[in-house]
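Undergrad: here you go, sequence then predicted model.
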Amino acid sequence: MDSASATTIWAVFTKPWRTVPAADLAELVVRMGFNAVEFPLRPGYQVDLDRLDRSLAELVAVFADHGVSIASVASAPDDHILAACAANGIDLLRIMIPVEAAGYLATADSIRRRLDDLVSLSHRHGVRIGIQPHYDDYIADSSELAVLIKDYDPAAIVAIWDAAHDGLARKHPANTLPLLWDRLAMVNFKNACYRRTDVPGRERPDWSITFVKGSEGLCSWAEAAAVLRERRYAGPICLPAEYTDERDLEAKVAADLGYLRVLLSGEEDRT
């Protein structure tokens with residue numbers, strides 16, 4: 001962990017490794033170069049939600065034996081989940097905010113009522129709710145997110161910047177990271193682009209979203225790294241391990257981590 005950035009928490013989202021036993025998963029995380037995870041606290045993964053309290057504690061212990069911590073969980077924010085997180089020293093839960101079919105303005109009131117509930121939950125358990133943008137029918141980029149959460153307690157509602165989703169919205173990191181800076185809890189480094197798909201007989205082409213290597217997508221990781229270096233970002237950095245082509249997945253994740261660490265070190269600027 002010798003990057004020039006101030007970050008000491010390097011996490012990988014373990015969603016792709018749903019069936020790997022916990023100890024093997026911890027070894028894999030370390031082998032790829034990480035010391036933390038974002039864990040999918042959802043049905044079907046390594047934690048048995050029917051005995052959540054004990055099962056999560058067991059996972060945390062197994063990870064700790066390998067020097068791996070849980071930087072955040074991706075889960076549904078309810079009392080039981082947040083209580084279990086708090087009991088195990090996990091202080092960040094990541095969600096996305098869906099926008100109803102009528103659109104953002106028409107559903108703003110219901111979105112804010114939901115955020116009011118989430119603030120109460122966060123205060124009750126001491127676990128922050130981190131909101132990540134997501135393309136299509138969600139709060140889709142950092143600009144929308146900054147407007148949505150600006151009036152909420154920054155100790156309860158925090159932001160998770162995401163390279164891929166800002167890239168798909170053609171938002172530049174030099175603009176969007178400062179928008180979220182005062183409540184930035186984690187940064188996600190994945191990347192994506194649009195690919196044209198011509199269908200015979202169809203008048204208009206389709207455009208599909210493809211998740212690609214860090215150097216190949218619409219978001220400039222170099223620009224984002226420069227902002228993080230300049231501002232001495234010290235929070236968790238997470239690689240979500242999301243690629244449309246999952247062949248050689250572990251090698252891709254490790255390579256993207258290496259690429260990002262070079263960018264954060266500033267070494268590329270000196271060549």
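TA: Okay, I see it. Numbering: from 1, shown residues only.
Undergrad: ok, so what distance separates residue 113 from residue 77?
TA: According to C-beta to C-beta, to the nearest Å, residue 113 and residue 77 sit 14 Å apart. Where C-beta positions appear, they are placed from N, C-alpha and C, glycine not excepted.
Undergrad: so where's the protein shaky on pLDDT?
TA: Residue ranges of the chain with pLDDT under 70: 1-5, 268-271.
Undergrad: give me the most central residue, it.
TA: residue 188 (4.4 Å; C-alpha atoms, centre = their mean).
Undergrad: what separates that one from residue 153, distance-wise?
TA: 23 Å.
Undergrad: same thing with residue 84?
TA: 22 Å.
Undergrad: same question, residue 92
TA: Here residue 92 is placed at a distance of 15 Å from residue 153 (C-beta to C-beta).
Undergrad: so these two - more neighbours on which side?
TA: residue 92 (20 against 13; other C-beta atoms under 10 Å).
Undergrad: what is that one paired to in the beta sheet?
TA: residue 128 (DSSP bridges).
Undergrad: next, the buried residues of stretch 38-50.
TA: 38, 39, 40, 41, 45, 46, 47, 49 (16 or more other C-beta atoms under 10 Å).
Undergrad: how far does it sit from the chain's center?
TA: 17 Å (C-alpha atoms, centre = their mean, to the nearest Å).
Undergrad: from the contact counts, what lies against whatever helix or strand residue 116 lives in?
TA: Applying DSSP states H and E as the criterion places residue 116 in helix 104-125. Counting contacts by 3 or more C-beta pairs under 8 Å, 6 or more residues apart in numbering; DSSP states H and E, helix 104-125 packs against helix 79-87, strand 128-131, helix 142-149, strand 157-162.
Undergrad: the third one: which residues count as buried?
TA: When you say that, I think you mean helix 142-149. Judged by neighbour count (16+ other C-beta under 10 Å), helix 142-149 contains these buried residues: 142, 143, 144, 145, 146, 148, 149.
Undergrad: next, give me the two most distant ones among those.
TA: Using C-beta to C-beta, the buried residues of helix 142-149 span at most 11.7 Å, a distance reached by 143 and 149.
Undergrad: ok so, going back, taking helix 142-149 as reference, get the angle to the helix holding residue 116.
TA: 60 degrees (axes from the mean of the first three to the mean of the last three C-alpha atoms, to 10 degrees).
Undergrad: is it true that residue 104 touches residue 144?
TA: Yes - under the criterion of C-beta atoms under 8 Å, residue 104 makes contact with residue 144 at 7.1 Å.
Undergrad: distance between stretch 94-105 and the chain's centre?
TA: On the basis of C-alpha atoms, centre = their mean, stretch 94-105 sits 18 Å off its chain's mean C-alpha point.
Undergrad: how long is it end to end?
TA: Counting by C-alpha to C-alpha, to the nearest Å, you get 23 Å between the two ends of stretch 94-105.
Undergrad: got the contact list for that stretch?
TA: Stretch 94-105 has contacts (C-beta atoms under 8 Å, 6 or more residues apart in numbering) with 38, 72-77, 106-107, 110-111, 114-115, 129-134, 137-139, 144, 148, 160, 186.
Undergrad: may I see the ChimeraX selection of the buried members of those residues?
TA: To isolate the buried members of the contacts of stretch 94-105 in ChimeraX, using 16+ other C-beta under 10 Å:
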select :38,72,73,74,75,77,107,111,115,129,130,131,132,133,134,138,139,144,148,160,186
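Undergrad: mind checking how far residue 22 is from residue 47?
TA: From residue 22 to residue 47 the distance is 9 Å (C-beta to C-beta).
Undergrad: common neighbours of the two, please.
TA: With C-beta under 8 Å, 6+ apart as the test, residue 22 and residue 47 both reach residue 59.
Undergrad: which parts of the protein are helices?
TA: Ranges of helices within the chain are 22-31, 52-65, 79-87, 104-125, 142-149, 163-168, 173-180, 221-230, 249-265, based on DSSP state H.
Undergrad: and of these, who's closest to residue 209?
TA: Among these, helix 163-168 sits nearest to residue 209 (C-beta to C-beta), with 6.6 Å.
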